[in-house]
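Undergrad: I would like to see how this sequence folds:
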Amino acid sequence: MKTIKTLLVLAVFAVATAFTIGPDKEGYKVGDVATDFKLENVDGKMISLADYKKAKGFIVVFTCNTCPYSVANEDRIIALDKKYKKKGYPVIAINPNDPAAKSGDDMASMKVRAKEKGFTFPYLFDKGQKVYPKYGATKTPHVYILSKKGKKNIVEYIGAIDDSSRNPNAVKEKFVEDAVDALLAGKKPEKTYTRAIGCSIKTLGKKSARY
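TA: Okay, here's the model as predicted:
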């Protein structure tokens, strides 16, 4: 009987998780080479890291329209792009949410949001949720700083933008800025990992209107 009950529990679990696309438990670690991608931007163009021939690296931000943490960080993401794009580290924003699991995160809504906020960076849609699991992203926002070494993109930092997830006026430590400044100076960031605070990435297996 115990064996039958165990099999039934496993069967229910398998059905419940069959359509869940979860992040790779490992994901990228600092020092790993990040694989390039090709995703659709809000302007309809397909964008990849290889398109940026003169870039020294990238500030890759997994974010979305609907998460209050992402919304609270939008101005900071815009400021990062304006400050560092001209120095060789442009922002590449990626929406990892499945719009079937979270309304308001479809491409049409992304286009509206990008126009309303005046995004100065690409805002890409992770169709099929194929990119974020490779990175190991679990939150929106979740930042990955990459540096270019020849044709390779090396992960240099993973985590939060700064130490105040909701209130920009309470920021005391700017993790991303500190990391990029170090890289531009030819040094390694002092902090390479911080805790990403935000909303869970939405998949069909985790459909919820709550965060």
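Undergrad: quick check: pLDDT value at the residue positioned nearest the centre of the chain.
TA: Most central in the chain under CA atoms, centre = their mean is Phe62, positioned 1.7 Å from the mean C-alpha point. Phe62 carries a pLDDT score of 98 in this model.
Undergrad: gap between it and Lys172?
TA: From Phe62 over to Lys172 the distance is 24 Å, taken as CB to CB, to the nearest Å. No exception for glycine: its C-beta is placed from N, CA and C like everyone else's.
Undergrad: hmm, back to that, across the sheet, point out what pairs with the residue nearest to the centre of the chain.
TA: Beta-bridge partners recorded for Phe62 (DSSP bridges): Ile94, His142.
Undergrad: give me every residue that touches it.
TA: Contact analysis of Phe62 by CB atoms under 8 Å, 6 or more residues apart in numbering lists 93-96, 132, 135, 137, 139-144, 201.
Undergrad: go with 6 Å
TA: Phe62 makes contacts with Ile94, Pro96, Tyr132, Ala137, Thr140, His142, as judged by CB atoms under 6 Å, 6 or more residues apart in numbering.
Undergrad: what sits against the fifth one?
TA: The one in question is Thr140. Each residue near Thr140 by CB under 6 Å, 6+ apart is listed here: Phe62, Thr63, Cys64, Cys67, Ser70, Gly198, Cys199.
Undergrad: please report phi then psi for it.
TA: Geometry field for Thr140 lists phi and psi as phi -120, psi 120, criterion degrees, to the nearest 10.
Undergrad: which intervals of this structure have sub-threshold pLDDT?
TA: For the chain, the stretches with pLDDT under 70 are 1-25, 205-211.
Undergrad: related to what we said a few turns ago, so which of the contacts of Thr140 is the closest to Asn41?
TA: Thr63 (14.0 Å; CB to CB).
Undergrad: hang on, the closest one packs against Val91?
TA: No - judged on CB atoms under 6 Å, Thr63 makes no contact with Val91 at a distance of 9.8 Å.
Undergrad: so where do the helices sit in this protein?
TA: Assigned by DSSP state H, the helices in the chain fall at 2-17, 68-84, 107-117, 132-135, 175-184.
Undergrad: do you know which of these lies nearest Thr35?
TA: When the helices of the chain are compared by CB to CB, helix 132-135 sits nearest Thr35, at 6.2 Å.
Undergrad: what's the span of stretch 52-66, first residue to last?
TA: 28 Å (CA to CA, to the nearest Å).
Undergrad: ok so, going back, closest to Thr192 among the contacts of Thr140?
TA: Nearest to Thr192, judged by CB to CB, of these is Phe62 at 17.5 Å.
Undergrad: distance of that closest one from Lys53?
TA: 24 Å.
Undergrad: which residue packs closest to Lys87, ignoring adjacent ones?
TA: Nearest residue to Lys87 in three dimensions, chain neighbours excluded: Leu184, at 6.0 Å (CB to CB, 6 or more residues apart in numbering).
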